[in-house]
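1. Give me a 3D structure for the following:
(one chain, ligands or ions: 2)
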Amino acid sequence: LLFDLDGVIVNTAEYHFLAWKEIAGRLGIPFTRGDNERLKGLSRMRSLEVLLDIGEKKLDRGEEERYCEEKNRIYLSYIRKMEKDAILPGVRNFLHEAKREGYLLALGSASKNAGLILEKLGLTNSFDAVIDGNKVSRTKPDPEVFVKGASALGMEPEKCIVFEDAEAGIRAAHAGGMKAVGIGKRENLPEADMILDSFRGIVPETIESMLI
Ligand code: BG6
Ligand code: MG
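-> Ligands and ions are numbered 1, 2, ... in the order given. Take a look at the predicted model:
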């Protein structure tokens, strides 16, 4: 089982949105929650590029890097205030059940802040492998993060199930030859093999039986 982090394990997708919204405001770019769907799952720099596309603006490389640093500073100010209860409903139990039933678990996140967030939530030891933004060079929808996750678990891609809240992540899973469970709304994740609105009351067997 391969899990995205932001918006799947923890509600940090909201903090990414709020931080980009603030950056968009400074750049004079109107930015809605609908626009934000296009940023989900993308690396920090790729997200800025999409935001600049939306606003039809161009910056030089140095300015891009400064805006990325500033976005991360704002994002981390939310992370500092985050409590353990920011973990999404049902996730702790799902991870616990999955471990008990002998599934192998990996994190597959674009975020360079993943280690810090896992630590804050007390989840560092919940995963058999952690592949994050520091370990990949290609952003979702490239499958690199999940291919590396599967390989770290010693599993064939077709035996893997990916949990994702981003369309870019669903595409990455499929490009890697894996099944993809969308967390969120069907309208935002049209290509997911199945949709859950949350992990509340869900155990891994439910997922496997629905995907077969
Ligand atoms: C992904 C988020 O998990 O991580 C994106 O969905 C974010 O919104 C990306 O841009 C990179 O995160 P970070 O923490 O390295 O800026
Ligand atoms: Mg996500």
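
2. how near is residue 80 to ligand 2?
-> 20 Å (Cβ to the ion, to the nearest Å). For every residue, glycine as well, the C-beta is placed using N, CA and C.

3. Could you verify that that residue is part of a strand?
-> No. Remark: residue 80 does not belong to a strand; assigned using DSSP: H, G, I helix; E, B strand; the rest coil, it is helix.

4. what's the spacing between it and residue 192?
-> 32 Å (Cβ to Cβ, to the nearest Å).

5. Of these two, which one has the most company?
-> residue 192 (24 against 9; other Cβ atoms under 10 Å).

6. contacting residues for that one?
-> By Cβ atoms under 8 Å, 6 or more residues apart in numbering, residue 192 lies in contact with 164, 170, 180, 181, 182, 186.

7. Look at residue 209 and report its pLDDT.
-> Predicted confidence (pLDDT) for residue 209: 87.

8. how many neighbours does it have?
-> Neighbours of residue 209 using other Cβ under 10 Å come to 8.

9. Next, it: secondary structure please.
-> helix.

10. Residues contacting stretch 173-189, please?
-> 2, 7-8, 37, 141-143, 146-147, 150, 157-158, 160-165, 167, 169-170, 191-199, 207, 211.

11. distance between the ends of stretch 106-116?
-> 16 Å (Cα to Cα, to the nearest Å).
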